[in-house]
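Undergrad: Predicted model and sequence below, questions to follow.
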Amino acid sequence: MGADWRERISQPTYKVKVEKDVMVPMRDGVRLAVDIYRPDADGRFPALLALSPYGKEIQELPLAPQAQGGPLWDGEIEAGDSYYFVPRGYVHVVADVRGTGYSEGEYEFLFSPKEQTDGYDLVEWAAKQPWCNGNVGLVGMSYYGSIQPYVAIQQPPHLKAIVPVASSLDLYRDINYNGGVLGAFFYGLWDGRGGDSGFAMGNIVSVMERRLGKQEFVHRIQERLQDPDIQAFSNFYHLLKYPKKNPMFVDILLNPCDGPFWRERAAYYDIEKINVPIYIIGAWKRSYWASTAFSLYNRASTPYKRVLIDPSGWWERPWVTYYEENIRWFDHFLKGIDTGAMEEPPIKIFVKGINHWRYENEWPLARTKPTRYFLRSFGGLSPEPERYMDAPDPFIQPPLCMTYDIHSVTYQTPPLLHDLEVTGPVALYLYASIDQNDTNWIVKLFDAGERDEQLARGYLKASHRALDTARSTSLQPYHTHVDPEPVLPGKIYEYAIEIQPISNVFRAGHRIKLEIRSLEHGNEGAQGQPPNATHLCSSKTTLHNIYRNKDYQSHLLLPVIPK
């Protein structure tokens, strides 16, 4: 169909009729509050359901889209614009999940089993309404996008298509403990730091307090308070001392390893149950958004699946990005309009460096040539391993209570003689020792040209180095995160560190650059992390030794795409 598909999708025709605060009963009697935006006309229309704990009321604000970092930015207005969808012949249903906003019940952390079945019940409720034609889709980004795979796994009969934008599949690995390293994202999201409104707090409970009982809950908190890294970070120490302040993040702090708490909130393990058409939208620059997108694409059982990977993901809010693609997908599968949604190859990626959109047929690309770039002396990075220098490359990192300076080692290639495309998942195999019993490995990959452009990051807590060999591949190491094993000071270990996937052409004259560090904080500038997304660092001054000799060949494994 080509470029004319935009002319064939639904065009605005209808005025909008609004019903506020409709209370919908769930299977256990709890009622959820929804707002219904529907065409002001007779007839039945497909429904698009959006649900989150952010509060349905802010989703209706008629704000002009704001760039991230702007004074009116609100990262939680992500349900979609009702006044875009409804005139095109859809009913937009925006819901407060249980225990938040105007809904009844208790909020038991993100994507709880009850929240997943609530999604099923809302789909089936919407399908039976007199304004619905029986076809329901799921719409929205971030939380609104992440809940979609969970609901699809429940297989409600009237769910006919989903478009998860910027979604997560595993709350442990994707957000809260990248590589086993505690991240602060939900600490800031709870009450709206960094320009977000925060959760619409209703009846929110600590899952761990209820599950453990009061005595054991207090005991577990006391144990966590003994962690010197927690003691050095007053915000987290404060939460543990006053657990009613932010029950959600207390539950995160009390679950530093993967296990039942995280597994019952992880769609990752049941992706194969998704049997409805799925169009996945992710981004290279927002860490897990790309890896999640490809996991969904590769493992969902439906034959009707597509993926699009955006170059940045720094999208405006209210969310208005890729609306036409949403309508094209929903028109095809909810209205039966031939929009050509399945005509192009299934994967559309933006290749950075040459700044070009390209279609592909599989992921990882079949023509990938995994290529090792070895860490070399004098900060070199080369396809040839080190043969001469046995001494390691050291760096010493004091904790934040002593300095804001970040110490690291860097390795880079000479200027490239020819363009080099790297597309796919990336891994670093690092041989190293430290003089403490643990550290955080934080690695960053750059395209170094006229300026350094950060392409991807990777994290691994040294004590979480154990691999799940059944799920790991050479380009995507997968760690168990179950039984941390403290490091023996001075002993050399191999650390397999997953770096998020990229698609980038390193132009001739540019360099491939790798940085290895153990610390980050919110005052680093543009290449750093925002304040609510940094990771808990070590409270101990730590000597790190990086080995790259003939016996310990530390290397970066890149998915090179031959010309």
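TA: Received it, and whenever you're ready, just let me know what you need. Numbering: from 1, shown residues only.
Undergrad: going forward, measure contacts and count neighbours with C-alpha atoms only.
TA: Will do.
Undergrad: State the mean pLDDT of stretch 22-29.
TA: For stretch 22-29, mean pLDDT rounds to 98.
Undergrad: An error on my part: the question was meant for stretch 520-528.
TA: 66.
Undergrad: How about stretch 549-563?
TA: pLDDT averaged over stretch 549-563 gives 96.
Undergrad: tell me which residues in that stretch are buried?
TA: Asn549, Tyr552, Gln553, Ser554, His555, Leu556, Leu557, Leu558, Pro559, Val560, Ile561 (16 or more other C-alpha atoms under 10 Å).
Undergrad: Can you give the contact residues for that stretch?
TA: Contact partners of stretch 549-563, identified using C-alpha atoms under 8 Å, 6 or more residues apart in numbering, comprise 367-375, 385-391, 420-431, 475, 547-548.
Undergrad: Look at that stretch and report the distance between its end residues.
TA: 31 Å (C-alpha to C-alpha, to the nearest Å).
Undergrad: Check stretch 434-446 too.
TA: Across stretch 434-446, first to last residue, C-alpha to C-alpha, it's 25 Å.
Undergrad: now swap in stretch 203-214 and tell me
TA: 18 Å.
Undergrad: now that stretch: how far from the chain's centre is it?
TA: 26 Å (C-alpha atoms, centre = their mean, to the nearest Å).
Undergrad: What residues sit buried inside it?
TA: For stretch 203-214, using 16+ other C-alpha under 10 Å, the buried residues are Ile204, Val205, Ser206, Val207, Met208, Glu209.
Undergrad: Closest one of those residues to Ala33?
TA: Ile204 (15.9 Å; C-alpha to C-alpha).
Undergrad: and the closest one, what is it in contact with?
TA: Counting by C-alpha under 8 Å, 6+ apart, the residues that Ile204 touches are Gly99, Thr100, Glu106, Tyr107, Glu108, Phe109, Pro247, Met248.
Undergrad: The first one contacts Glu106, doesn't it?
TA: So that's Gly99. Yes. Between Gly99 and Glu106 a contact is recorded at 4.0 Å, counting by C-alpha atoms under 8 Å.
Undergrad: and the two? which has more neighbours close in?
TA: Gly99 (24 against 18; other C-alpha atoms under 10 Å).
Undergrad: From Lys114, how far off is that one?
TA: From Gly99 to Lys114 the distance is 11 Å (C-alpha to C-alpha).
Undergrad: now Ala391
TA: Taking C-alpha to C-alpha, one finds Ala391 at 55 Å from Lys114.
Undergrad: Looking at those two, which one has more neighbours?
TA: Lys114 (17 against 12).
Undergrad: So that one belongs to a strand, correct?
TA: No. Counting by DSSP: H, G, I helix; E, B strand; the rest coil, Lys114 is located in no strand; its state is helix.
Undergrad: In contact with it, which residues?
TA: Lys114 neighbours (C-alpha under 8 Å, 6+ apart): none.
Undergrad: Within the helices and strands, which one has Asn235?
TA: helix 234-241 (DSSP states H and E).
Undergrad: contacts for that helix?
TA: By C-alpha under 8 Å, 6+ apart, the list of residues contacting helix 234-241 reads Ile221, Leu225, Ile230, Gln231, Lys245, Asn246, Phe249, Val250.
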